[in-house]
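Colleague: No sequence on hand, only this structure:
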Ligand SMILES: [Zn+2]
């Protein structure tokens, strides 16, 4: 039975371990209703996006996804690529969702081969939000964390573990909690736990610069991506040959959908413009043949616009489905890194389909 740290204890622990942090307004009293009185460990996530904006931090701590039954806060802590740890909540957060009781048992006992392997979770049958602090590390998982980001995540984790008197075996990945998840992406958890263990052993006074640099993914990791990618693809494109690796056919399909949507949106845009001009004309007290033509066009076009809008919505829904293809980026990112290609600016996306409380 371990009570969660109080806000003062969290700050003291972070200060002790030299964590670079920033307190998000209201964090000391922020939390979800529900059990959070017997914490057992720390869970590491990735946001699933390289977005680093403050509005994203605010969204994750203050808004969340209430429409999906997953209101904020979606974690107690976030760690940016610059190595700043945002503290957003001291109470329960919606980050872990349901997960494996066998994992929890291992964490409580701190008895498993966690410095050389990762835990394979059992069925989702336990409320993780009641038992774990959550770190949302702000990266998309398709590449390693930045050096400062990794160092801060290690330090902050070590700080919480130390404050509780736990070992590094009390830190797990979300994917070790639930087989539904793969975060925190390119972060081998056995290695992460070794680094936390070493940090704890070195003590809080150790101010070494981050020793970790982003490294190339291993061949095994790359092929692992391919496997995950193909699983997704078979889900999205069940008609692809079961045994086939057909990225070209799939990409062509996505491009065709994109072109279709673009074409429709362009036409819709034109119709909306026509309507807009008619409205403007009327408001301006227009008169004469031009005005009459505009009104006639508007009348004729409004129905078409509505119809097109509906078709567009359907197309966009289909496209969104096809865009599970964003996983392609995940699969390709390590290869791109090997090829020395640059950053990619993806839209904010969130891995946090965590269970509601
Ligand atoms: Zn997660």
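Modeller: Sure, I can see it. Only a predicted model underlies this, so the values are computations on that prediction, with no experimental measurement involved.

Colleague: what's the spacing between the closest residue to residue 193 other than its chain neighbours and the ion?
Modeller: Ranked by CB to CB, 6 or more residues apart in numbering and with sequence neighbours excluded, the top spatial neighbour of residue 193 is residue 168, at 4.4 Å. From N, CA and C alone the C-beta is placed, and that goes for glycine too. Distance, residue 168 to the ion, using CB to the ion, to the nearest Å: 19 Å.

Colleague: got it, and residue 129?
Modeller: The gap separating residue 129 from the ion is 11 Å, by CB to the ion.

Colleague: correct me, but that residue touches residue 94?
Modeller: Yes - Residue 129 is within contact range of residue 94, at 5.9 Å (criterion: CB atoms under 8 Å).

Colleague: Do a quick rundown of the strands in the protein.
Modeller: Under the criterion DSSP state E, the chain carries strands at the ranges 21-23, 41-46, 64-65, 70-71, 77-79, 85-87, 98-100, 124-127, 132-137, 171-173.

Colleague: returning to what we had before: ok, the residue nearest to residue 193 - contacts?
Modeller: The contact partners of residue 168, taken as CB atoms under 8 Å, 6 or more residues apart in numbering, are 114-115, 157-158, 161, 193-194, 196-197, 200.

Colleague: 10 Å - rerun?
Modeller: 42, 110, 114-115, 154, 157-158, 161, 192-201 (CB atoms under 10 Å, 6 or more residues apart in numbering).

Colleague: Would you show me how to pick out the buried ones of those in ChimeraX?
Modeller: Remark: buried members of the contacts of residue 168, expressed as a ChimeraX selection using 16 or more other CB atoms under 10 Å:
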select :42,114,154,157,158,161,192,193,194,195,196,197,199,200
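
Colleague: first vs last residue of stretch 159-170, how far apart are they?
Modeller: End-to-end distance of stretch 159-170 (CA to CA, to the nearest Å): 12 Å.

Colleague: so which of the strands of the chain is the most packed in?
Modeller: Comparing the strands of the chain by mean neighbour count (mean count of other CB atoms under 10 Å), strand 77-79 ranks first with a mean of 30.

Colleague: what are the pairing partners of it, and which direction each?
Modeller: Strand 77-79 pairs in its sheet with strand 85-87 (antiparallel), strand 132-137 (parallel), by DSSP bridges.

Colleague: Quick one: neighbours of the residue in the stretch 101-250 of the chain that the ion sits nearest to, just the number.
Modeller: Scanning the stretch 101-250 of the chain for proximity to the ion using CB to the ion identifies residue 174 as nearest, at 3.4 Å. Using other CB atoms under 10 Å, residue 174 has 29 other residues around it.

Colleague: That concludes my questions; thank you for your assistance.
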